[in-house]
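Participant: everything below, folded, please.
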Amino acid sequence: MNLNPLFESLENELGYPVVQDLYSGEQEIYGVYTYEDEIGVLYGDNRVLEDKAYMRIQIYTPKNYNYMELKHQTRNFLEDRGFTITGIKSWLEARLDGRADKIRCTAIEMTYTDTH
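Facilitator: Predicted coordinates for the structure are as follows:
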């Protein structure tokens, strides 16, 4: 199952870059999505009839940015496209670029079920 187009359309809808696995751009606000797992959940005639993908998108914002609206917009976008949100967490972490200030990471965990 390829959910990349759904995640990449998030950029057009909400206006921040969204990439798979690793962001190397310069924007202060961006999203990174990852496939955590994909398993068959329904079988018939010796084959998989339904797959479930376990996904995560991490939204990075400046520490003092009011991220709540962006978090809810992203959640609503994903739910409207068939994702089931299983958890949302947020924390501050060190920047990868070595700057002293911290960046906020908001992780939205979800599943998506696809019938063949």
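
Participant: contacts, neighbours, all on C-alpha from now
Facilitator: Noted.

Participant: buried stuff in the strand or helix carrying T74?
Facilitator: If you go by DSSP states H and E, T74 is part of helix 68-80. Judged by neighbour count using 16 or more other CA atoms under 10 Å, the buried positions of helix 68-80 are 70-71, 74-75, 77-78.

Participant: out of those, who's nearest D45?
Facilitator: Within these, distances to D45 taken as CA to CA reach their minimum at L78, with 31.8 Å.

Participant: who touches the closest one in this structure?
Facilitator: Neighbouring residues of L78 by CA atoms under 8 Å, 6 or more residues apart in numbering: T84.

Participant: mind checking how far it is from I103?
Facilitator: 23 Å (CA to CA, to the nearest Å).

Participant: ditto for T113
Facilitator: 32 Å.

Participant: quick one on the thing from earlier: distance between the helix holding T74 and the chain's centre?
Facilitator: 10 Å (CA atoms, centre = their mean, to the nearest Å).

Participant: what's the most distant pair in the buried residues of helix 68-80?
Facilitator: Maximum distance among the buried residues of helix 68-80 (CA to CA): 12.3 Å, for L70 and L78.

Participant: from D37, how far out is the residue sitting furthest away from the middle of the chain?
Facilitator: Most distant residue from the mean C-alpha position of the chain: D45, 33.4 Å away (CA atoms, centre = their mean). D45 is 24 Å from D37, where distance means CA to CA.
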